[in-house]
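Undergrad: What follows is a predicted structure for the sequence shown.
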Amino acid sequence: MVKQFSDLGIKEEFQQRLEELNISKPTEIQKKTIPLVLNAKKDIVALAKTGTGKTVAFGVPLLQLVEITNPQIQVVILTPTRELGHQIYANLISYASSNSSISIASICGGIPIKPQVERLESATHIVVATPGRLVDLINRKSIHLKDVKYLVLDEADEMVSNLKTDLDPIVHEIPETKRTLLFTATMPGTIKQLIQNYLSKHVTQVEVDMGTVGHQGIDHQYIVVEPIEKLEVLLHFLSSREGQRGIIFCKTKAAVNKLAKKLAINKFSSGSLHGSLTQGIRDRVMGQFREGHINILVATDLAARGIDVKEIAYVINYHLPDTYDAYVHRSGRTARAGAKGLSLTILQQEEEIEIADFEKELGISFYKSKKANPQSIEENNSLLWAKKIFKTKPNREVSKDFKEKIKTIFHHLTKEELVEKILANHLEQTNSIVTKSDTPIKNKK
């Protein structure tokens, strides 16, 4: 039984580096893929879900196969998003830190192209790219791919729409003798067509236990709510997980912006991520999330690709995804590297019927969780109100005389008495608003 990277053919210098990164035991996809990359000649199609160690599976053996004496590009790695590209680039740099002779470049979109053109004038062995930016560089004749031996299509199922138009000019520039390594978490018809069109007839397919590995360690739950309750139930859940990191998925950019604003108003440590944000903003938000400066990320499906953070405790589907594949990619953000995680979906009554289809298609079981009771929701709302007051900055424009008049009104109250009166006033106003809307909290189902 294979237990060490040395058994797979990985050289000692890379073994030591992986050990330093606390990567000591190969995952299933690594056990099956690494020997094929190093020793076989065929194209490879690897079917494995997120969080199974795919970057090591192709990255480390390719680093080992690079010919240092050849200054030309020998490996091209295509990714669906800038974030994933930057993540793979950072990982490769880390894996190769013991060998400074290997030159790696990131040429993803969203940032000025001129520095990338200048970077490619130097010796470069590996490039990590988004399809659109690579085609742009090809059209400018700023990149030369005639020495490429390996083409990696990572997260290919998330890249199909871009590859339809961009893969032809890329493949045209790469020698026919190259090997293609395709990694995908799902196998829709579009991927099968891509394999038929662009890979050789003799393909080696690698598949880990898709029935278990992709969902291992993930607790799949859902809560059924009325539309008016949705935000309150979410806020209650987030309060119960204070200090833990999680991702909330929404269907649209507008929904991401709206929910992120609600979280900010309620003083949650959060940020938003979607395709319309500038690369600088996206990089800053991702940096804050990775470094723990913010705990909650509100994101669209595609923007969240490349979030390889091990300590994500939960994923929330604020909107049910349109496809089964999307659910796989969302839930795969948690329970990474052998950890446990929660994937929670917040549904409306008419959506509950769809859960059975997700269970059947994905081979998983969902647990129906009870939503918080009305009293607990009301108490949480009041706690959030209190935190907002606590975090409110003093108004420096209020005159000293006016402040003294206010203080005079409260001067004879103790701290406890003042808190009781303010809370009573808050609850009275809240109940008044609820009563006017004819949806009393106490009568919520």
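TA: Received the coordinates, thanks. Nothing here was measured: the structure is a model prediction, and the numbers come from that model. Numbers count the residues shown, from 1 in each chain.

Undergrad: Please parse this structure into its domains.
TA: 5-207, 215-374, 393-443 (automatic domain parsing).

Undergrad: need the ones you listed in CSV with distance to residue 380 and mean pLDDT, can you?
TA: The way it works is simple: take the backbone N, C-alpha and C, and place the C-beta from them, glycine included. Compiled in CSV, these are given as follows (distance: least, C-beta to C-beta, whole Å; pLDDT from 0 to 100):
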stretch, distance to residue 380, mean pLDDT
domain 5-207, 31, 90
domain 215-374, 5, 87
domain 393-443, 11, 78
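
Undergrad: a markdown table please, covering those and showing mean neighbour count and distance to residue 382.
TA: Converted to a markdown table, these look like this (neighbours: other C-beta atoms under 10 Å; distance: least, C-beta to C-beta, whole Å):
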| stretch | mean neighbour count | distance to residue 382 |
| --- | --- | --- |
| domain 5-207 | 18 | 38 |
| domain 215-374 | 18 | 11 |
| domain 393-443 | 10 | 6 |
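
Undergrad: mind putting the ones you listed in TSV, distance to residue 384 included?
TA: Shown next, in TSV, are the domains of the chain (distance: least, C-beta to C-beta, whole Å):
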stretch	distance to residue 384
domain 5-207	30
domain 215-374	5
domain 393-443	11
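
Undergrad: Quick one: closest of these to residue 385.
TA: domain 393-443 (5.9 Å; C-beta to C-beta).

Undergrad: how far does the closest one sit from the chain's center?
TA: 41 Å (C-alpha atoms, centre = their mean, to the nearest Å).

Undergrad: Excluding chain neighbours, what is closest to residue 158?
TA: residue 80 (4.2 Å; C-beta to C-beta, 6 or more residues apart in numbering).

Undergrad: so which helix or strand takes in that neighbour?
TA: Following DSSP states H and E, there is no helix or strand that holds residue 80.

Undergrad: Tell me if I'm right that it and residue 159 touch.
TA: Yes. Between residue 80 and residue 159 there is a contact under C-beta atoms under 8 Å: 3.9 Å.

Undergrad: thinking again about what came up before, give me the phi and psi for the residue nearest to residue 158.
TA: Main-chain torsions, residue 80, degrees, to the nearest 10: phi -70, psi -30.

Undergrad: how close does it get to residue 107?
TA: 15 Å (C-beta to C-beta, to the nearest Å).

Undergrad: Also residue 101?
TA: 20 Å.

Undergrad: Kindly report the same for residue 384.
TA: 44 Å.

Undergrad: so residue 347, which of the three states?
TA: At residue 347 the chain is in strand, as set by DSSP: H, G, I helix; E, B strand; the rest coil.

Undergrad: partner residues bridging it?
TA: In this entry, residue 347 is beta-bridged to residue 224, by DSSP bridges.

Undergrad: Might one say that it is in contact with residue 221?
TA: No. Judged on C-beta under 8 Å, residue 347 makes no contact with residue 221 at a distance of 10.7 Å.

Undergrad: any idea which element the closest residue to residue 413 other than its chain neighbours lies in?
TA: Spatial nearest neighbour of residue 413, chain neighbours left out: residue 421 (7.1 Å); criterion: C-beta to C-beta, 6+ apart. Element membership of residue 421, judged by DSSP H and E, is helix 415-436.

Undergrad: Check residue 98 too.
TA: Per DSSP H and E: nothing holds residue 98, as it lies in no helix or strand.

Undergrad: Now do the same contact list for it.
TA: Counting by C-beta atoms under 8 Å, 6 or more residues apart in numbering, residue 98 touches 13, 14, 16, 17.

Undergrad: how much space between the nearest residue to the second one once chain neighbours are set aside and residue 26?
TA: Closest residue in space to residue 14, ignoring its immediate chain neighbours: residue 60 at 5.4 Å, by C-beta to C-beta, 6+ apart. When C-beta to C-beta is applied, the distance between residue 60 and residue 26 equals 10 Å.

Undergrad: Now for the two: what residues contact both?
TA: Joint contacts of residue 60 and residue 26 (C-beta under 8 Å, 6+ apart) are 5, 34.

Undergrad: residue boundaries of the strands in the stretch 101-250 of the chain?
TA: Secondary structure of the stretch 101-250 of the chain (DSSP state E, counting those that start in this stretch): strands located at 104-107, 126-129, 150-153, 179-184, 203-207, 218-225, 245-249.

Undergrad: how close does the closest residue to residue 46 other than its chain neighbours get to residue 24?
TA: Excluding the flanking residues, the one nearest residue 46 by C-beta to C-beta, 6+ apart is residue 206, at 4.4 Å. Distance, residue 206 to residue 24, using C-beta to C-beta: 22 Å.

Undergrad: related to what we said a few turns ago, can you tell me which residues contact the residue nearest to residue 46?
TA: Residue 206 sits next to 29, 32, 33, 36, 44, 45, 46, 47, 48 when contact means C-beta under 8 Å, 6+ apart.

Undergrad: next helix or strand past the strand or helix carrying the third one?
TA: When you say that, I think you mean residue 33. Taking DSSP H and E as the definition, residue 33 sits inside helix 28-39. For helix 28-39, the following helix or strand on the C-terminal side (DSSP H and E) is strand 43-47.

Undergrad: Can you pull out the residues in contact with that next one?
TA: So strand 43-47 is in contact with 29, 32-33, 36-37, 54, 57-58, 179-185, 187, 195, 199-200, 202-208, 210, going by C-beta under 8 Å, 6+ apart.

Undergrad: Give the bridge partners for residue 272, please.
TA: residue 298.

Undergrad: My read is that it contacts residue 296, right?
TA: No. Using C-beta under 8 Å, residue 272 is not in contact with residue 296; the gap is 9.7 Å.

Undergrad: by contact count, what packs against the helix holding residue 421?
TA: helix 374-391 (3 or more C-beta pairs under 8 Å, 6 or more residues apart in numbering; DSSP states H and E).

Undergrad: got the contact list for residue 235?
TA: Per C-beta under 8 Å, 6+ apart, neighbours of residue 235: 266, 380, 381, 384.

Undergrad: All set now, cheers.
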